[in-house]
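Asks: Here is a sequence together with a model predicted from it:
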Amino acid sequence: MRTSWTSSGTRHGLSDRSDATAVPGFIASPALAASLQAVLVDLIELHLQSKQAHWNVVGHNFRDLHPQLDEIIDIARDGSDTIAERLTRSTPPPAGARTPSRPGDQQPMA
């Protein structure tokens, strides 16, 4: 579920195409994977920078800026989660990555 904002500032979910149109066995091209990775890094950076500003905002505009920063943080977090899930589903695991031997198996972290 992807979050969107109405013109009045309220949140509502939009159906995401992720599972409904997923193509089994799809492997992203290196260019697509690199682009998604770059977007993921930018969204994580936006989340972190916005959270830093959120913690440090002071002054007479505090009450106005605080909720706006919360919105930016939520959108960046939701977007990075969506992109990370798509990367996980559409790219092979990197060399040396630990992967379960069977679906549902969990390997302990070293």
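Replies: In hand now; what should we look at? Since the structure is predicted, the reported quantities are computational estimates derived from the model, not experimental observations.
Asks: Select the longest helix from the chain.
Replies: When every helix of the chain is counted residue by residue (DSSP state H), the longest turns out to be helix 62-90.
Asks: If you count contacts, what does it end up packed against?
Replies: Judged by 3 or more C-beta pairs under 8 Å, 6 or more residues apart in numbering; DSSP states H and E, the packing partners of helix 62-90 are strand 2-5, helix 30-56. In short, each C-beta sits where N, CA and C put it, glycine included.
Asks: quick one: low-confidence ranges for this protein?
Replies: In the predicted model, the chain carries pLDDT under 70 at residues 1-22, 94-110.
Asks: Kindly format the C-alpha coordinates of stretch 67-76 as PDB.
Replies: Output of stretch 67-76 as PDB, limited to C-alpha atoms (Å, rounded to 0.1, in the frame of the first residue of the first chain):
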ATOM      1  CA  PRO A  67       3.900  18.200  11.200                       C
ATOM      2  CA  GLN A  68       5.200  19.000   7.700                       C
ATOM      3  CA  LEU A  69       8.500  17.300   8.500                       C
ATOM      4  CA  ASP A  70       6.500  14.300   9.800                       C
ATOM      5  CA  GLU A  71       4.800  14.100   6.500                       C
ATOM      6  CA  ILE A  72       8.000  14.200   4.600                       C
ATOM      7  CA  ILE A  73       9.500  11.600   6.900                       C
ATOM      8  CA  ASP A  74       6.500   9.200   6.400                       C
ATOM      9  CA  ILE A  75       6.600   9.600   2.600                       C
ATOM     10  CA  ALA A  76      10.300   9.000   2.400                       C
END
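Asks: Buried residues in that stretch, which are they?
Replies: Buried residues in stretch 67-76, counted by 16 or more other C-beta atoms under 10 Å: 69, 72, 73, 75, 76.
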